[in-house]
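**Q** Turn this into a structure:
(one chain, ligands or ions: 1)
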Amino acid sequence: MPARLRLSVDRLVDGTGHPTQTGAALLIEGDRLAAIGPDDAIPRPEDALSLAFPRATAVPGLIDAHVHVTVSWEATREGTIERYGRETDTDLMARAAGTVERMVRVGVTSAFSCGERGLTAYQVRDAIARGVIVGPRLLVSGQPLTPTGGHCHWMGGEVDGSDGLRAAVRQHVDDGADAIKVMATGGFATPSTDPAVAAYPLEALQAAVDEAHRLDRRVTAHAHGVSGMQLAVQAGLDSIEHASMSGPGGRWTFDHALADQLAEHHVRAVPSIAADTRGQLGPGPGWTNLSVPEAFWVRTRMANARRLREAGVTLIPGTDGSDFGEAIHLELEAFNAIGFDPSSAIRAATLEAARHLGIDAMTGSLEVGKSADVLVVEGEADRDIRTLRRPLLVLVGGRMVQPTPPPPWPGPLPW
Ligand SMILES: [Zn+2]
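**A** The predicted structure is shown next:
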C-alpha cells in the first residue's frame with residue numbers, strides 16, 4: 001500500500017447528518033483521513049495512489065453493534081446449541097475467521113461481539129488487530145453474564161447473585177472485555193428459558209452496572225419481555241438488545257410509558273430486526289426455523305421499533321448476525337422501512353453506533369483525523385439504501401480490503 005491514497009467520488013455521505021457532498025475527494029495518509037472536501041480543493045500528491053469512482057458514494061465504514069462471530073445460526077439436523085457445545089474452541093475460532101472476513105468484505109469495519117464462549121472472542125479480536133486474519137475492528141463482551149441455566153448459559157458465563165455479578169464483571173475486565181453483556185430475560189436460542197420473563201432481580205443488575213461503570217465499561221442487556229426491560233432501565237443499563245417489548249406469555253404489546261423511560265434515560269435500543277428476518281422468513285443460510293409467538297414476528301418487531309423511535313429512543317443497528325453475509329444490509333433496509341431515510345440509516349450505522357460503542361473519537365464518520373474506515377458503493381446511497389449491497393472499495397484503518405457483494409436476499413423482502 002502507498003502511504004497516501006486519494007479517492008474521488010460522485011457523492012459523499014459523511015455520517016454526521018450533514019448534507020451529501022457531490023464531486024468530493026478524500027485524501028488518506030497512512031491510517032488516517034487527512035483531507036475531505038470538493039474534488040478541486042483536495043491536494044493531489046504525486047506519490048499518492050489516485051482512484052476515481054464516478055457514479056459512486058463514499059460513506060463511513062459500517063458498524064454492526066451486535067454480532068456473534070463464533071456462532072452459526074444455520075439450521076441443521078443438529079441444533080445450534082448442541083453443535084456449539086460439541087465444537088472445540090478451535091472449531092469456533094476457525095468459523096469466526098471466516099465470519100469476520102465476510103463482514104469486512106461487505107463493508108462492516110467495526111463490530112461489537114455480543115457474546116461468545118470462553119475467551120474465543122478476545123483471541124479473534126487480537127488476531128484481527130495483529131493482521132493474522134482479516135476482519136473489522138472488533139469490540140468484545142466475552143461470555144454474556146446469565147443466571148444458572150439462563151439464556152446462552154452454553155457460552156459459559158453462568159453467574160448468580162449481586163456479589164457473583166460484581167466478581168464476574170471484574171474478571172471480564174481483567175480478561176479484556178470492552179463492554180459487559182447481561183442477559184436480563186430468557187431468549188429463543190435457549191429453549192429452556194422464557195424470553196418474556198426477567199432473568200435477574202433488580203439488585204443483581206444494579207450490582208453489575210455499578211461495577212462495570214466503576215471500571216469504565218458500558219453495560220448492555222439482552223431483553224425481550226417488558227418486565228426485563230423495565231428492570232434494565234431501572235438498573236441504569238446503557239442499552240437494550242432486541243428490546244422486543246413482549247408481554248406476558250409472549251403476547252404482542254407496546255408499553256408507551258416504558259418507551260418514554262428509555263428515551264428519558266438515554267437507553268439505546270438495538271432492535272436486531274435482521275436476525276428475526278433471517279430466522280423466520282428465510283430460506284437461506286442463517287435460516288433457523290425458529291417457532292416464535294406473534295410478539296416476535298418481524299412485522300411486529302418492526303412496528304415496535306418504529307414506535308420506540310417515535311418516542312425518542314435512539315435505535316442502533318445490530319444484527320445478531322453471524323455466518324451469513326448480508327445481515328447489516330437487511331438491518332438497514334428494515335430501518336429504512338420503519339422511517340429512516342437512507343442518510344439517517346447510514347448515520348445510525350456509523351456515527352450513532354460509534355457513539356453507542358464509545359469509539360466515536362476514532363471512527364464513525366468521514367472527518368479529518370479519524371481512522372480511514374471507508375466504504376465506497378456503486379450508486380446513490382443517500383437515495384437508495386440497497387446500494388450498500390454493491391461495495392466497490394473497503395478501507396479499514398487505511399488498509400484496502402477486496403470487497404465482496406453480499407448474497408442477494410433469496411425472495412421478496414418482507415416489508
Ligand atoms: Zn445476540
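**Q** tell me the SS of the most far-flung residue of the chain relative to its centre?
**A** Here the chain reaches farthest from its C-alpha mean at residue 46, the gap being 38.6 Å by CA atoms, centre = their mean. Using DSSP: H, G, I helix; E, B strand; the rest coil, the secondary structure recorded for residue 46 is coil.
**Q** what's it sitting at in phi/psi?
**A** Reported as degrees, to the nearest 10, the phi and psi values for residue 46 are phi -60, psi -30.
**Q** pLDDT at it, what is it?
**A** Taken from the predicted model, the pLDDT recorded for residue 46 is 94.
**Q** How about residue 63?
**A** The predicted local confidence for residue 63 is 98.
**Q** Just list what the strand ranked longest in the chain packs against, helices and strands only.
**A** Criterion DSSP state E: the longest strand present in the chain is strand 49-60. When contacts are defined as 3 or more CB pairs under 8 Å, 6 or more residues apart in numbering; DSSP states H and E, strand 49-60 packs onto strand 4-12, strand 374-378, strand 391-396. Every C-beta, even on glycine, is put in place using the N, C-alpha and C of the backbone.
**Q** Show me what counts as buried in it.
**A** Neighbour-count burial for strand 49-60, with 16 or more other CB atoms under 10 Å as criterion, is recorded at 53, 56, 57, 58, 59, 60.
**Q** now do stretch 87-96
**A** Neighbour-count burial for stretch 87-96 flags 87, 92, 93, 95, 96 (criterion: 16+ other CB under 10 Å).
**Q** give me the subset of those residues touching the ion.
**A** The subset of the buried residues of stretch 87-96 within reach of the ion, by CB under 5 Å from the ion, is empty.
**Q** will you turn the residues you listed into CSV that also has secondary structure and pLDDT?
**A** Written out in CSV, the entries for those read as follows (DSSP: H, G, I helix; E, B strand; the rest coil; pLDDT from 0 to 100):
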residue, secondary structure, pLDDT
87, coil, 95
92, helix, 96
93, helix, 96
95, helix, 94
96, helix, 96
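**Q** want to try JSON lines for those, with distance to residue 251 as columns?
**A** Formatted as JSON lines, the entries for the buried residues of stretch 87-96 read as follows, by distance: CB to CB, whole Å:
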{"residue": "87", "distance to residue 251": "36"}
{"residue": "92", "distance to residue 251": "36"}
{"residue": "93", "distance to residue 251": "40"}
{"residue": "95", "distance to residue 251": "36"}
{"residue": "96", "distance to residue 251": "37"}
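**Q** Could you list the low-confidence segments of the stretch 151-300 of the chain?
**A** Counting by pLDDT under 70, the stretch 151-300 of the chain contains low-confidence residues at 281-291, 295.
**Q** check whether stretch 192-204 contacts the ion.
**A** No - no part of stretch 192-204 sits near the ion under the criterion CB under 5 Å from the ion; the closest distance found is 12.1 Å.
**Q** how far is that stretch from where the chain is centred?
**A** With CA atoms, centre = their mean, to the nearest Å as the basis, the distance from the averaged C-alpha position of stretch 192-204 to the chain average is 23 Å.
**Q** just to revisit the earlier point, so which of the buried residues of strand 49-60 comes closest to residue 234?
**A** Nearest to residue 234 among the buried residues of strand 49-60: residue 60, at 34.4 Å, using CB to CB.
**Q** my guess is that closest one contacts residue 373, does it?
**A** Yes - between residue 60 and residue 373 there is a contact under CB atoms under 8 Å: 6.1 Å.
**Q** Next, show the common contact partners of the two.
**A** 109, 363 (CB atoms under 8 Å, 6 or more residues apart in numbering).
**Q** sorry, back to before: between the helices and strands packed on strand 49-60, which one is nearest to residue 80?
**A** Evaluated over those, closeness to residue 80 peaks at strand 391-396, with 28.9 Å, by CB to CB.
**Q** correct me, but residue 349 touches residue 332?
**A** Yes - shown here, residue 349 and residue 332 form a contact pair, counting by CB under 8 Å, at 5.9 Å.
**Q** Counting neighbours, go ahead and name the busier of those two.
**A** When neighbours are counted by other CB atoms under 10 Å, residue 349 and residue 332 differ, and residue 349 comes out ahead with 32 against 25.
**Q** list the contacts for the more buried one?
**A** Under the criterion of CB under 8 Å, 6+ apart, the contact partners of residue 349 comprise 62, 63, 64, 317, 328, 331, 332, 335.
**Q** what about the stretch 301-415 of the chain, any weak spots by pLDDT?
**A** Using pLDDT under 70 as the threshold, the predicted model of the stretch 301-415 of the chain has low-confidence ranges 322-324.
**Q** Try it again at 90.
**A** Flagging of the stretch 301-415 of the chain using pLDDT under 90 yields the residue ranges 321-327, 407-415.
**Q** if I pick the closest residue to the ion within the stretch 251-400 of the chain, what's in contact with it?
**A** For the stretch 251-400 of the chain, the residue closest to the ion is residue 320, as judged by CB to the ion, at 4.3 Å. When the contact criterion is CB under 8 Å, 6+ apart, the partners of residue 320 are 66, 67, 68, 114, 241, 242, 272, 274, 275, 327.
**Q** ok, the closest residue to residue 236 other than its chain neighbours to residue 215 distance?
**A** Distances taken as CB to CB, 6 or more residues apart in numbering place residue 209 nearest to residue 236, at 4.7 Å, with adjacent residues excluded. Here the criterion is CB to CB, to the nearest Å. By it, residue 209 lies 11 Å from residue 215.
**Q** These two: which has the busier surroundings?
**A** residue 209 (23 against 14).
**Q** Residue 235 is in contact with that one, correct?
**A** Yes - with contacts defined as CB under 8 Å, residue 209 counts as touching residue 235 at a distance of 5.2 Å.
**Q** which neighbours do these two share?
**A** Contact with both residue 209 and residue 235 is made by no residue, according to CB under 8 Å, 6+ apart.
**Q** Could you tell me which of the contacts of residue 320 belong to strands?
**A** Filtering those for strands - DSSP E - leaves 66, 67, 241, 242.
**Q** Report the two of those separated the most.
**A** 67 and 242, at 13.9 Å, using CB to CB across the ones in strands among the contacts of residue 320.
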